[in-house]
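**Student:** What follows is a predicted structure for the sequence shown.
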Amino acid sequence: MGSEGPKNITFHVTGFKKFQGVTENPTETIVSNLNEYVSKNGLPTGVQLASCTILETAGEGARPALYELFEKGASNPDNESVVWVHLGVNSGAQKFALECQAFNEATFRCPDELGWQPQQVPIVPEDGEISNTRQTTCSADSILSFLKKKGFNVMNSDDAGCFVCNYVYYHSLRFAEARGHKSLFVHVPLFSKIDKETQMRFITSLLGAIAATC
């Protein structure tokens, strides 16, 4: 017979610590304050914020911790959908960006916070060439429309960059596909471009948009 009624949506949200050129990462602030913010402002019915995690801004050296996080959030009942939302900062951006895909390429413009600086290395060698991609199964166009109607300055993007953001996103998309989850990476600007309160409202609206379009 299966489960009755609509599925509950469980979210796991991550941000990053500082890295070269960004001493105060807005995603660390957002994710650190998200539980308190949603407790005061609420989330749509059926939506649960299960975890908020700050990741080291590092690739291969931080991979075990990343997969430990994935495994902790992997168990989901039949009536529950799991969504991974990863936040990263684009210090040159003026708007939010929904990343639609990740490349199987680790090419870092500078060393990560654990000193790794790969160049044109496959993130997952068994997945083939560095040009190979994985796409989000979230409905990016519908989410974009939802958020624009809320008044947010947001766009879709097909390039998550050549640093840890793309690295984490590729692993997340791969894990999500294997477990029947969903994954979406979102780049945010610095607080000097879009203030903290607006960014907090954006993230909670983003969770609502994903839930509404799942």
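**Tutor:** Nice, thanks for sending it over. Numbers count the residues shown, from 1 in each chain.
**Student:** Assign a three-state SS to residue 114, would you?
**Tutor:** coil (DSSP: H, G, I helix; E, B strand; the rest coil).
**Student:** what's the burial count for the residue lying closest to residue 104 once chain neighbours are set aside?
**Tutor:** In space, and not counting its chain neighbours, residue 104 is closest to residue 132: 4.4 Å by Cβ to Cβ, 6 or more residues apart in numbering. In short, each C-beta sits where N, CA and C put it, glycine included. Number of residues near residue 132 (other Cβ atoms under 10 Å) recorded here: 15.
**Student:** Residue 132 touches residue 123, doesn't it?
**Tutor:** No: under the criterion of Cβ atoms under 8 Å, residue 132 makes no contact with residue 123, lying 9.5 Å away.
**Student:** Now do the shared contacts for the two.
**Tutor:** residue 104 (Cβ atoms under 8 Å, 6 or more residues apart in numbering).
**Student:** Helices along this protein, start to end?
**Tutor:** For the chain, the helices defined by DSSP state H occupy 26-41, 63-72, 140-149, 164-179, 196-213.
**Student:** From the chain's centre, how far out is the second one? Work that out for me.
**Tutor:** Put plainly, it is helix 63-72. Here the centre of helix 63-72 is set off from its chain's centre by 14 Å, with Cα atoms, centre = their mean, to the nearest Å.
**Student:** what inclination does that helix have with respect to helix 164-179?
**Tutor:** 40 degrees (axes from the mean of the first three to the mean of the last three Cα atoms, to 10 degrees).
**Student:** helices and strands around helix 63-72, which ones?
**Tutor:** Where contact means 3 or more Cβ pairs under 8 Å, 6 or more residues apart in numbering; DSSP states H and E, helix 63-72 is packed against strand 47-55, helix 164-179.
**Student:** So which of those is nearest residue 144?
**Tutor:** The closest approach between residue 144 and any of the helices and strands packed on helix 63-72, judged by Cβ to Cβ, belongs to helix 164-179 at 17.4 Å.
**Student:** Output the below-cut-off pLDDT ranges for this structure.
**Tutor:** 1-7, 76-79 (pLDDT under 70).
**Student:** residue nearest the centroid of it?
**Tutor:** Relative to the mean C-alpha position of the chain, the nearest C-alpha, by Cα atoms, centre = their mean, is the one of residue 86, at 1.6 Å.
**Student:** wait, doesn't that one sit right on residue 170?
**Tutor:** No: judged on Cβ under 8 Å, residue 86 makes no contact with residue 170 at a distance of 10.8 Å.
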